[in-house]
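what's the 3D shape of this:
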Amino acid sequence: MIEGNTIHRLVFPCRRIFGGWIKAMTGEHVAVQPTHWRIWPR
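Have a look, this model is predicted:
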């Protein structure tokens, strides 16, 4: 994700839902705008 002029890697898997993104494990809404994708290891 991009925050300001810096690229950050998220430390938890997310899932896209209608209207935004959630943490895959908890369902908690997160305010992120992902820029790159990768498959999260299980």
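
Determine which residue lies closest to the centroid of this protein.
residue 14 (4.4 Å; C-alpha atoms, centre = their mean).

so what's that residue up against?
Residue 14 is in contact with 21, 22, 23, 24, 30, 32, 34, counting by C-beta atoms under 8 Å, 6 or more residues apart in numbering. Glycine gets a C-beta too; all of them are placed from N, C-alpha and C.

do residue 29 as well
Residue 29 neighbours (C-beta under 8 Å, 6+ apart): 20, 21, 22.

sorry, back to before: gap between the residue nearest to the centre of the chain and residue 21?
Using C-beta to C-beta, to the nearest Å, residue 14 is found at 5 Å from residue 21.

Kindly indicate which of the contacts of residue 14 lies nearest residue 3.
Nearest to residue 3 among these, counting by C-beta to C-beta, is residue 32 at 9.1 Å.

Could I get the pLDDT score of that closest one?
For residue 32, the model assigns a pLDDT of 81.

and it, what does it touch?
Neighbour list for residue 32: 1, 10, 14, 21 [criterion: C-beta under 8 Å, 6+ apart].

Could you pick out the buried ones from those residues?
Buried by 16 or more other C-beta atoms under 10 Å: 1, 14, 21, out of these.
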